[in-house]
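Student: Sequence below, structure please.
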Amino acid sequence: HVQLVESGGGLVQPGGSLRLSCVASGFGADIYGIGWFRQAPGKQREGVSCISDSDGTYYADSVKGRFTISRESAKNTVYLQMNSLKPEDTAVYYCAAEASCSAVVHNLPGAINVWGQGTQVTVSS
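Tutor: Below is the predicted model of the structure:
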């Protein structure tokens, strides 16, 4: 049974940090691209970051320099470290598995077959 489970969301003040985790089960998180999408109220789901099976990384312009994606293969886990958070980062964050990172890079959430349940990130003072 293929499954992704996110955790680590919460309420943080502007300028603060959070680390999201995505634990994969039923498959090896190091043989697929694992990406993060986010969806704010009233907006479409957008690709944020991805790490490929060869550990190549991608970041959307809106988060470049603030977010860092990494993988811990021994724990079958991908992390998204989010620093210097802004109110516009407020959204539900979803991790997703795909063969490469193309769905994240080209912002095609409809191409994703395996999703986590999502974790809420709220940036507010």
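Student: Can you show me the helices along the chain?
Tutor: For the chain, the helices defined by DSSP state H cover 102-105.
Student: Can you list the low-confidence ranges for it?
Tutor: 29-30 (pLDDT under 70).
Student: Quick test: name the residue nearest the centre of it.
Tutor: The structure's the chain has its C-alpha centroid closest to Trp36; by CA atoms, centre = their mean the separation is 2.3 Å.
Student: what are the ranges of the strands in the chain?
Tutor: Along the chain, the segments classed as strands by DSSP state E run 3-7, 10-12, 18-25, 33-39, 46-51, 57-59, 67-72, 77-82, 91-98, 114-115, 119-123.
Student: mind checking which of those strands is nearest His106?
Tutor: For His106, the closest of the strands of the chain is strand 46-51, at 7.6 Å, according to CB to CB. C-beta here means a position set from N, CA and C on the backbone, and glycine is covered the same way.
Student: got the CA positions of the closest one in PDB?
Tutor: Taking Å, rounded to 0.1, in the frame of the first residue of the first chain, the C-alpha atoms of strand 46-51 are listed here in PDB:
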ATOM      1  CA  GLU A  46       1.000  25.100  -7.000                       C
ATOM      2  CA  GLY A  47       4.300  23.300  -7.100                       C
ATOM      3  CA  VAL A  48       6.800  24.500  -4.500                       C
ATOM      4  CA  SER A  49       9.800  22.200  -4.500                       C
ATOM      5  CA  CYS A  50      11.000  18.800  -5.500                       C
ATOM      6  CA  ILE A  51      13.900  16.400  -5.100                       C
END
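Student: Which elements pack onto that strand?
Tutor: Other elements packing on strand 46-51 under the criterion 3 or more CB pairs under 8 Å, 6 or more residues apart in numbering; DSSP states H and E are strand 33-39, strand 57-59, strand 67-72, strand 77-82, helix 102-105.
Student: And the contacts of that strand?
Tutor: With contact meaning CB atoms under 8 Å, 6 or more residues apart in numbering, strand 46-51 is reached by 33-39, 57-60, 62-63, 67, 69-71, 78, 80, 93, 101, 103-109.
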